[in-house]
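Visitor: Need coordinates for the following:
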Amino acid sequence: QVTLVESGGGLVQTGGSLRLSCAASGLIDSNYVMGWFRQAPGKEREFVAAISGSDGSTACASSVRGRFTISRANAKNTVYLHMNSLKPEDTAVYYCAARLSRVVRITTPMYDYWGQGTQVTVSS
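Guide: I've put the predicted structure just below:
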């Protein structure tokens, strides 16, 4: 049984920073891909960033590139999303996801396990 638990969300002002964490348990291979997605009210869930545990390759959505960074601590089966220069349009529920492959992909159907999500609210 794979479980993903996100933490670190909250309320922040425009221009502020947050770090999200996702702790995975039950994954038998720490080389699997882990990623972050987000979903704003009334919108579809969208890709934010992903990282492969095998070679560290990453992918990042253009909307957050240069502001968000994904990193990973394989020994802890934990992935982080460092968010800087936050904007009101970043407000969403952020979900951690795991993909049972070493190849990074950016679409939701490619991910096998999901966390419950953590709310990020950026005030203007």
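Visitor: For stretch 77-93, list every residue counted as buried.
Guide: Neighbour-count burial for stretch 77-93 flags 77, 78, 79, 80, 81, 83, 86, 90, 91, 92, 93 (criterion: 16 or more other CB atoms under 10 Å). In short, each C-beta sits where N, CA and C put it, glycine included.
Visitor: same question, stretch 45-55
Guide: For stretch 45-55, the neighbour count (16+ other CB under 10 Å) marks 45, 47, 48, 49, 50, 51, 52, 53, 54 as buried.
Visitor: Phi first, then psi, for residue 46.
Guide: Taking degrees, to the nearest 10, you get phi -130, psi 150 for the backbone angles of residue 46.
Visitor: cool, and residue 108?
Guide: phi -60, psi -40.
Visitor: In strands, which of the buried residues of stretch 77-93 appear?
Guide: Among the buried residues of stretch 77-93, the members falling in strands (DSSP state E) are 78, 79, 80, 81, 83, 92, 93.
Visitor: Can you tell me which of the buried residues of stretch 77-93 is nearest residue 40?
Guide: Nearest to residue 40 among the buried residues of stretch 77-93 is residue 92, at 4.3 Å by CB to CB.
Visitor: Look up the closest residue to that closest one, ignoring the ones flanking it.
Guide: Closest residue to residue 92 apart from its sequence neighbours, by CB to CB, 6 or more residues apart in numbering: residue 38 at 3.8 Å.
Visitor: Just the element for the residue nearest in space to the middle of the chain, please.
Guide: The C-alpha lying nearest the average C-alpha coordinate of the chain belongs to residue 36 (CA atoms, centre = their mean; 2.1 Å). Per DSSP states H and E: residue 36 is located in strand 33-39.
Visitor: Okay, now the unreliable bits of the protein?
Guide: Confidence mapping of the chain against pLDDT under 70 gives the ranges 28.
Visitor: Any idea what residue 47 is bridged to?
Guide: Beta bridges link residue 47 to residue 37, judged by DSSP bridges.
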